[in-house]
Structure formats: C-alpha cells, structure tokens
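got a predicted structure here, sequence first:
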Amino acid sequence: MTERTFMMIKPDGVQRGKVGEIIRRIEAKGYQIVAMKLMTPTPALLAQHYAEHVDKSFYPALAAYMTSGPVVAMVGEGNEIITGWRHLMGATDPTNALPGTIRGDLARAWDTAAIMNLVHGSDSQSAAAREIALWFD
Ligand SMILES: Nc1ncnc2c1ncn2[C@@H]1O[C@H](COP(=O)(O)OP(=O)(O)OP(=O)(O)O)[C@@H](O)[C@H]1O
C-alpha cells in the first residue's frame, strides 16, 4: 500500500555531512521525497514531537542534541514506507544496528547521554499523520 511517513536527518547527520549519503539510500530504495526542508527545531516543537519521552530521564539530553543545529525534515512516499524506512534506519542504538543499515554503517556509540543515531522515522500510520502535520503545517 502506498503511504507517507515523516523522515528526519538529525543534527549529527547534518553536522557530519551525511545528508547526501542518507538521501541517496532513500532514493536507491525507490522512495519518493515529496517534501523537504532544513530547519533547527525549537524546544516547543521538539517537546510535541517527542511527547512520549518528555518525562524520561534522558529527555534533557535528547532535547539538547535535537536542538543543537539544523535537521532535514522530509515527507517520504512509497509502498510500505513506514516499515521499510525503519528497516533502512536500523536499530535505535547504533551499536546494535546491523551493517547495511544507515545507523549500522554510519553511526557509532557516542559517549553522550542522548543516543545520537542520525535519523528518525515514524513508527506507525497514526504517528506518521501526527508528525507530518506537526512539522509541515
Ligand atoms: N535510553 C536512551 N538514552 C538516551 N537517548 C535515548 C534513549 N532512548 C532513546 N533515545 C533517543 O531518543 C530517540 C527516540 O527514542 P525512540 O525509542 O522513539 O527510538 P526510535 O524510534 O528508534 O528513534 P526515533 O524516534 O528518533 O526514530 C532515539 O532515537 C534516541 O536518539
């Protein structure tokens, strides 16, 4: 089923010059990028995006990481893209992410309180709808 998802290249991806490589992998898979913008998230936007995490002990570190610089916010479209993009990303913790995935190939464990893992993708259809509306008015 053709569907849309919210995809993001996080600040470490932009700062480390991985934008081209990540977009190359999205396009190599055959997914379409139907919206894209470079922006630095505000703390308020981030708290809405990560509403499920705001009360967690790592949230201050996550917020500092995610507002540290520009991100590339994208809407992707393709068959089963929500699940497929999460497979392309790999496991949340780069140490556990398999080779062949973006996190497995390009990220490593960082000695910081927030897991820096280059990319984000919505984990369900309801999350995709909510996140696309949040990031693209
Ligand atoms: N225990 C933790 N300690 C530090 N940072 C964490 C921890 N768990 C998650 N994070 C950070 O918060 C983000 C959101 O966590 P979540 O569990 O939703 O992971 P995810 O779905 O793989 O990642 P994302 O939502 O960014 O795609 C992670 O990508 C990571 O940057």
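Thanks, I have it.

any idea whether the residue most central in space within the chain is helix, strand or coil?
What sits nearest the mean C-alpha location of the chain, by C-alpha atoms, centre = their mean, is His120, with 1.6 Å. Recorded secondary structure, His120: strand (DSSP: H, G, I helix; E, B strand; the rest coil).

pLDDT at it, what is it?
His120 carries a pLDDT score of 98 in this model.

what about the strands in the chain?
Assigned strands in the chain, in chain order: 2-9, 32-39, 71-79, 119-121 (criterion: DSSP state E).

could you tell me the end-to-end distance of stretch 96-113?
For stretch 96-113, the first-to-last residue distance is 17 Å (C-alpha to C-alpha, to the nearest Å).

would you mind naming what in the chain lies close to the ligand?
Phe58, Leu62, Thr92, Ala114, Ile115, Asn117, His120, Gly121, Asp123 (C-beta under 6 Å from any ligand atom). Any C-beta I mention is one placed from the backbone N, CA and C, and that applies to glycine too.

need those residues in JSON lines with distance to Leu38, can you?
Below are these laid out as JSON lines (distance: C-beta to C-beta, whole Å):
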{"residue": "Phe58", "distance to Leu38": "26"}
{"residue": "Leu62", "distance to Leu38": "20"}
{"residue": "Thr92", "distance to Leu38": "24"}
{"residue": "Ala114", "distance to Leu38": "21"}
{"residue": "Ile115", "distance to Leu38": "22"}
{"residue": "Asn117", "distance to Leu38": "19"}
{"residue": "His120", "distance to Leu38": "15"}
{"residue": "Gly121", "distance to Leu38": "18"}
{"residue": "Asp123", "distance to Leu38": "24"}
